[in-house]
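**Q** no sequence on this one, just coordinates:
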């Protein structure tokens with residue numbers, strides 16, 4: 001009864017509160033690092049809303065410390081955020097009837113963590129709807145943006161070595177890579193990408209080598225995945241073929257039979 005009497009935003013707040021609390025320490029650290037590379041509280045908050053990705057914001061801070069070109073930073077963020085295509089597609093089954101404007105607003109505030117919350121609620125709670133899902137996105141984004149802004153303010157009085165930016169970014173991406181180690185193909189793609197990154201960074205002597213390595217490794221992984229999938233489908237089709245049907249049909253025999 002108490003659950004039914006709650007307003008939609010209250011249900012969303014209850015579902016997203018652990019997520020919002022977990023954002024505070026990471027958001028404070030991100031805000032401090034952004035302050036070290038020249039962001040003020042307003043810009044840190046704006047970046048948190050427009051990008052809304054801890055990985056992308058740490059990446060921006062890291063690229064700025066190395067004085068990377070803006071185009072390189074933009075492309076690296078683009079490739080990093082491509083995973084949201086997969087996240088959005090898995091939620092699309094719950095939002096087939098929604099208008100494009102709502103989907104655009106919802107997608108802008110989507111990230112890894114609130115995706116997990118909404119997917120779980122959609123799968124287990126029959127009363128979960130688009131309004132509650134959007135509130136979860138907004139609550140999490142608000143907690144992240146505020147944490148970044150507060151961290152940015154304290155960053156002016158707390159001195160942090162900019163080398164910590166590289167350490168934090170490296171540690172975070174190692175964790176993300178470990179979380180993706182679900183099969184041999186993903187492990188191969190990750191290791192192959194790392195090797196290519198070192199090679200092309202040495203060849204190009206700038207961060208453009210990372211983009212080239214990402215494109216080549218991603219393309220190789222995609223091609224191998226499609227090849228393995230086709231081979232698997234071919235094997236499964238052979239296994240499911242009826243035993244009473246011949247594997248090959250001879251038109252000549254069929255003609256003679258009809259005659």
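**A** Yes, it's here. Bear in mind that the values here come from a model prediction, so they are computed numbers and not experimental data.
**Q** alpha carbons only for contacts and neighbour counts from here, please
**A** Noted.
**Q** from residue 57, how far out is residue 47?
**A** To residue 57, residue 47 is 8 Å away according to Cα to Cα, to the nearest Å.
**Q** swap in residue 126?
**A** 35 Å.
**Q** which one's more surrounded, those two?
**A** Higher neighbour count among residue 126 and residue 57: residue 57, with 22 against 8, using other Cα atoms under 10 Å.
**Q** tell me the mean pLDDT for the helix or strand encompassing that one?
**A** Here residue 57, judged by DSSP states H and E, is contained in helix 54-65. If you average the pLDDT over helix 54-65, you get 83.
**Q** stretch 229-248 too?
**A** The average pLDDT within stretch 229-248 is 67.
**Q** and if you look at stretch 198-215?
**A** Stretch 198-215 shows a mean pLDDT of 76.
**Q** kindly check the end-to-end length of it for me.
**A** Start-to-end span of stretch 198-215 (Cα to Cα) is 14 Å.
**Q** and residue 157, how many neighbours does it have?
**A** So residue 157, with other Cα under 10 Å, has 9 neighbours.
**Q** which SS state does it fall under?
**A** Here residue 157 is recorded as coil under DSSP: H, G, I helix; E, B strand; the rest coil.
**Q** residue 141 and residue 231: what is the separation?
**A** Using Cα to Cα, we find residue 141 at a distance of 42 Å from residue 231.
**Q** please identify which of the two sits among more neighbours.
**A** Neighbours were counted for residue 141 and for residue 231 using other Cα under 10 Å; residue 141 has more, 24 against 12.
**Q** residues in contact with the more buried one?
**A** Residue 141 makes contacts with 48, 49, 52, 109, as judged by Cα atoms under 8 Å, 6 or more residues apart in numbering.
**Q** nearest to residue 101 among these?
**A** Distance to residue 101, by Cα to Cα, is smallest for residue 109 among the contacts of residue 141, at 13.1 Å.
**Q** would you agree the closest one is in contact with residue 138?
**A** Yes: using Cα atoms under 8 Å, residue 109 is in contact with residue 138, at 6.7 Å.
**Q** overlap of the contact sets of those two?
**A** Counting by Cα under 8 Å, 6+ apart, no residue touches both residue 109 and residue 138.
**Q** out of the contacts of residue 141, who's the most crowded?
**A** Among the contacts of residue 141, the one with the most neighbours (other Cα under 10 Å) is residue 48, at 26 neighbours.
**Q** quick check: closest non-adjacent residue to that one.
**A** Leaving aside its sequence neighbours, residue 48 sits nearest to residue 145 (Cα to Cα, 6 or more residues apart in numbering; 5.1 Å).
**Q** what's the helix or strand for that neighbour?
**A** Residue 145 belongs to helix 130-155 when assigned by DSSP H and E.
**Q** so how far is that helix from its chain's centroid?
**A** Here helix 130-155 is found 17 Å from its chain centre; the criterion is Cα atoms, centre = their mean, to the nearest Å.
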